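Asks: missing the sequence, but the structure's below:
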């Protein structure tokens with residue numbers, strides 16, 4: 001659900017929103033894969049679990065060894081299926097990140113509108129930005145708005 005403009009949003013809150021989006025998308029993907037191919041779902045889940053463990057503790061050789069064993073033992077057909085699931089998962093994470101950046105930009109624009117009572121548009125007002133240059137040129141009389 002869209003959030004109201006709120007200057008009290010912290011970086012932690014914003015990260016939680018992104019993580020919640022990723023968890024929802026990951027859950028939807030996992031449900032689909034589980035329904036279509038329980039075996040692929042199990043391999044994807046195991047590799048993901050070992051990957052998270054390894055990321056949390058890069059010195060954890062056990063997780064790396066278990067992931068390597070899973071990769072060695074997988075059939076070519078299942079390897080392709082698991083790789084496709086990972087590819088889809090990464091695309092969903094990227095989509096969630098883009099959506100999150102847009103959400104933050106909208107929130108910032110909404111705050112500026114509340115503070116200034118104007119529509120700031122998609123470009124920030126910076127003296128060295130395109131919008132700032134245009135407005136400064138018009139204000140100096142060197143050009144007109146037309």
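Replies: Now that the structure is in, tell me what you want to look at. Computed from a prediction, not measured in an experiment: that's the story for all the values here. Residues are numbered from 1 along each chain as shown.
Asks: pull out the buried positions in the helix or strand encompassing residue 21.
Replies: Residue 21 is part of helix 11-36 when elements are defined by DSSP states H and E. Along helix 11-36, these residues count as buried under the neighbour rule (16 or more other C-beta atoms under 10 Å): 17-18, 21-22, 25, 29-30, 33. To be clear about C-beta, it is placed using only N, CA and C from the backbone, and glycine gets the same treatment.
Asks: distance to residue 60 and pLDDT for those residues - can I get that in TSV?
Replies: As requested, the buried residues of helix 11-36 are exported to TSV (distance: C-beta to C-beta, whole Å; pLDDT from 0 to 100):
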residue	distance to residue 60	pLDDT
17	29	93
18	25	94
21	28	95
22	23	95
25	27	96
29	26	96
30	23	95
33	26	96
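Asks: chain neighbours aside, what residue packs nearest to residue 14?
Replies: residue 104 (6.4 Å; C-beta to C-beta, 6 or more residues apart in numbering).
Asks: can you tell me how far the one you found is from residue 65?
Replies: Residue 104 sits 40 Å away from residue 65, going by C-beta to C-beta, to the nearest Å.
Asks: center of the chain, which residue is that?
Replies: residue 97 (1.7 Å; C-alpha atoms, centre = their mean).
Asks: can you pull the contacts of that residue?
Replies: With contacts defined as C-beta atoms under 8 Å, 6 or more residues apart in numbering, residue 97 is in contact with residue 18.
Asks: could you pick out the longest helix of the chain?
Replies: Longest helix in the chain by number of residues (criterion: DSSP state H): helix 76-116.
Asks: which is the succeeding secondary structure element to it?
Replies: helix 130-140.
Asks: what's the weakest-modelled helix or strand in this structure?
Replies: None of the helices or strands of the chain scores lower by mean pLDDT, DSSP states H and E than helix 130-140, at a mean of 77.
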